[in-house]
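> My questions are about this predicted structure, shown below with the sequence.
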Amino acid sequence: MAHLGLLQKVHPSRGGDQTSGGFTYRTTWAEVASRASEGCRWCQLVYATKEEEEEPGPESPLRIVVGSQGCLQNCTPKGTQDLSVFIDDTLHFIGYVYTTADDPAAQYIVARNRVLDVGTTKSLALAKQSLDECIYTHNSCPRPLALPPFLPTRLIDCSNVAHPRLIATDGTRGSYAALSYVWGEPQPHSTTVSNLETYLKFIDPEHLPQTIL
């Protein structure tokens, strides 16, 4: 079974449908609303795209086109497909399609299920696989240096998740990944001269973002 992930809220925009494949059907907003109230999940999705000032009226005919506009350029993995819904030549919804690796549809669908539990061994292996793919197969990404780079002055040691602490690298070389989880705002638990010695022994996990843990 394939699943849909919503990319972003789409504000209806005209321009004619640009889908390939898919199908077309006709209905009314009244019919969509009725079926949605009876539990039709598709009708619930379609009706949720209706703007308050939407025309035509509830009994006026609608032409709904469901199909793909092609591979999504800003999604990973490469080749992730979309599903787009046009109502009367106006784009109302766009999402990405994904499924499990063992699903019969997997041979046709590129993206796989979302990783919701990021602390598991499986998810960490997936992160390592993605890093390796980036390093060794992406033409625009830098290759590893012959000599590993110097590590940052201090790192957070999360080998014991219940007892994370800061460690001083003292000029050690090694490979590491930088995680971006803060954008510009002052953080209440940043490392300072006054708390450095404390953090070298222990950092309260409550003070760390989920990206790290």
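Now that the structure is in, tell me what you want to look at. Small disclaimer: the values here were computed from a predicted structure and weren't measured.
> What backbone torsions are found at T76?
phi -120, psi 150 (degrees, to the nearest 10).
> sorry, that was for E206
Dihedral angles (degrees, to the nearest 10) for E206: phi -60, psi -20.
> pLDDT below threshold where in the chain?
Of all residues in the chain, those with pLDDT under 70 make up the ranges 1-21, 53-56, 181-183, 210-213.
> Do a quick rundown of the strands in it.
Under the criterion DSSP state E, the chain contains strands at 3-6, 13-14, 20-28, 61-68, 82-87, 90-99, 111-112, 154-157, 165-168.
> closest one to G184 among those?
Among these, the nearest to G184 by Cβ to Cβ is strand 154-157 (20.3 Å). The C-beta positions use only the backbone N, C-alpha and C, and glycine is treated the same way.
> Other residues contacting that closest one?
Under the criterion Cβ atoms under 8 Å, 6 or more residues apart in numbering, residues P164, R165, L166, I167, A168, T169, Y176, T191, I203, L208, I212 lie in contact with strand 154-157.
> cutoff 6 Å now
Residues from elsewhere that reach strand 154-157 (Cβ atoms under 6 Å, 6 or more residues apart in numbering): P164, R165, L166, I167, A168.
> how about those in TSV, adding neighbour count?
Formatted as TSV, the contacts of strand 154-157 follow (neighbours: other Cβ atoms under 10 Å):
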residue	neighbour count
P164	20
R165	16
L166	18
I167	15
A168	12
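> and which of these is nearest F150?
Taking Cβ to Cβ as the measure, F150 lies nearest A168 of those, at 12.6 Å.
> and the closest one, how far is that from N139?
36 Å (Cβ to Cβ, to the nearest Å).
> And A162, by the same measure?
41 Å.
> Which helix runs longest in the chain?
The longest helix of the chain (DSSP state H) is helix 121-137.
> contacting residues around it?
Outside helix 121-137, the residues that reach it (Cβ under 6 Å, 6+ apart) are V115, C141.
> quick check, distance from that helix to the centre of its chain.
16 Å (Cα atoms, centre = their mean, to the nearest Å).
> One more: stretch 101-116?
Distance, stretch centre to chain centre, for stretch 101-116: 15 Å (Cα atoms, centre = their mean).
> same check, this time on stretch 108-119
So, by Cα atoms, centre = their mean, the centroid of stretch 108-119 is 9 Å from its chain's centroid.
> buried residues in that stretch?
Buried residues in stretch 108-119, defined by neighbour count with 16 or more other Cβ atoms under 10 Å: I109, V110, A111.
> Dump those residues to JSON lines, plus distance to L155.
JSON lines is the format used below for these (distance: Cβ to Cβ, whole Å):
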{"residue": "I109", "distance to L155": "38"}
{"residue": "V110", "distance to L155": "35"}
{"residue": "A111", "distance to L155": "32"}
